[in-house]
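Undergrad: pasting the structure only:
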């Protein structure tokens, strides 16, 4: 997700891709806070607690113990410590951040990958395309910040997938466009500045995103000393944020999560485009741990699928209609009609590589129930949270926890349920 990672791509690029790369890496990021004026907390909402939702991208479920993140472990042991949090499939950044925010599986909220194609719109969605990222019509569901704003409770975002878009016509009252040029000290101070606003203008929900662990995991692998340093750095950042927020004296609850884990992959013997696929007949967005084929002519789906089944070696080919049901990633689940017609799933630790060069040593995107390294972290602490250790659970259940802590009601349908909230909220 991070711009540093986007601009660090080591693959050869086409002329069009190179042009985009140069423009993306040379553009000056927008570091100015955006404020939606004319909003205030209602008198009722001013009495509610506060929630800070922190995501450390790529922070695997076992990283805190593996690398001795003493501050995080102490905070988790004072509150809620889950064995793991199970991401939605595919285990990549945009779908899972948005699943945490909405309580919906990717197939239901519409962000089915970091890169995908919409046959109905005849458009590609890419996490690198700033226009698409900020276009609220791509996003289904009701993110928790929209839920809060609808009920006259202010929200703020120091980055989160979807927070730059007007979803249901609503953005957080305070937000930033994603960039990595704002130093972490300024981000922490920005959170405190929000919490020191007058009560009627003070956000009760704050999202806070940290990319460094994912960057290191991709570049060096999950077992590298560089990844260990990134984990310990995040540990210090969270402790500093916690201490600084505590000094405000407000009733603040913290949720520390990640979108997915990280695993070592085979970097030499990658999988090429199968011979059965005529690339001129399909739209094929970028994909390594999941390749999606969108047929330009639906008549080509069955013949190509039959050929692919005969060529399966190192991967499994599925029709959109016969994906394993537990993944919630099939035609019957596809509320926005954006899942590929044919899906190619590589056998871990191999990945597809339709480009030149070798992939980075660390990756994610695999089935989180088959590859445990894909599983994420969940810790929570604060005055309204119990001191309890719990088994692994799916990330779609975080939404009801946030709603409960903030005292927000919802009547729309989500995939998550209130069992986790019942278990961990006082």
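TA: Great, that's in hand. Remember, predicted model here, so these are calculated numbers, not experimental data. Residues are numbered from 1 along each chain as shown.

Undergrad: Show me the shaky parts of the stretch 201-350 of the chain.
TA: Of all residues in the stretch 201-350 of the chain, none has pLDDT under 70.

Undergrad: At which residues are the helices of it located?
TA: 212-220, 225-246, 301-310 (DSSP state H, counting those that start in this stretch).

Undergrad: Make TSV out of those helices and add mean neighbour count.
TA: C-beta here means a position set from N, CA and C on the backbone, and glycine is covered the same way. Below are the helices of the stretch 201-350 of the chain laid out as TSV (neighbours: other Cβ atoms under 10 Å):
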stretch	mean neighbour count
helix 212-220	23
helix 225-246	18
helix 301-310	15
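
Undergrad: Map the structural domains onto the sequence of this protein.
TA: Using automatic domain parsing, the domain parsing of the chain gives 1-30, 32-104+141-264+371-424, 279-360.

Undergrad: Most tightly packed of those?
TA: Highest mean neighbour count among those (mean count of other Cβ atoms under 10 Å): domain 32-104+141-264+371-424, with a mean of 20.

Undergrad: Checking the nearest residue to residue 393 once chain neighbours are set aside next. Helix, strand or coil?
TA: In space, and not counting its chain neighbours, residue 393 is closest to residue 420: 5.7 Å by Cβ to Cβ, 6 or more residues apart in numbering. The three-state label given to residue 420 by DSSP: H, G, I helix; E, B strand; the rest coil is helix.

Undergrad: A strand includes residue 367, no?
TA: No: the assignment for residue 367, made by three-state DSSP, is coil rather than a strand.

Undergrad: So for this protein, the centremost residue is which one?
TA: Residue closest to the average C-alpha location in the chain (Cα atoms, centre = their mean): residue 97, at 2.6 Å.

Undergrad: give me every residue that touches it.
TA: By Cβ atoms under 8 Å, 6 or more residues apart in numbering, the contact list for residue 97 reads 1, 55, 160-162, 209, 259.

Undergrad: one more time with 7 Å, if that's ok
TA: 55, 160-161, 259 (Cβ atoms under 7 Å, 6 or more residues apart in numbering).

Undergrad: One more: residue 111?
TA: Per Cβ under 7 Å, 6+ apart, neighbours of residue 111: 94-95, 98, 139.

Undergrad: Show me the two of those that sit farthest apart.
TA: 95 and 139 (11.3 Å; Cβ to Cβ).

Undergrad: If we only consider the contacts of residue 111, which is nearest to residue 365?
TA: Distances from residue 365 to the contacts of residue 111, taken by Cβ to Cβ, are shortest for residue 95, at 9.9 Å.

Undergrad: which phi and psi does the closest one have?
TA: In terms of degrees, to the nearest 10, the main-chain angles of residue 95 are phi -60, psi -40.

Undergrad: do the one 5 residues further on as well
TA: Backbone dihedrals for residue 100, given as degrees, to the nearest 10, come out at phi -60, psi -40.

Undergrad: Could you check how far it is from residue 260?
TA: Residue 100 sits at a distance of 11 Å from residue 260 (criterion: Cβ to Cβ, to the nearest Å).

Undergrad: Likewise for residue 304?
TA: For residue 304, the distance to residue 260 - Cβ to Cβ - is 30 Å.

Undergrad: now the strands for the stretch 251-400 of the chain?
TA: For the stretch 251-400 of the chain, the strands defined by DSSP state E, counting those that start in this stretch cover 252-257, 263-264, 282-283, 291-295, 315-319, 342-346, 362-363, 378-381, 388-390, 393-394.

Undergrad: ok, the first one: who's next to it in the sheet?
TA: For strand 252-257, the pairing partners within the sheet under DSSP bridges are strand 50-56 (parallel), strand 378-381 (antiparallel).

Undergrad: Perfect, that will be all.
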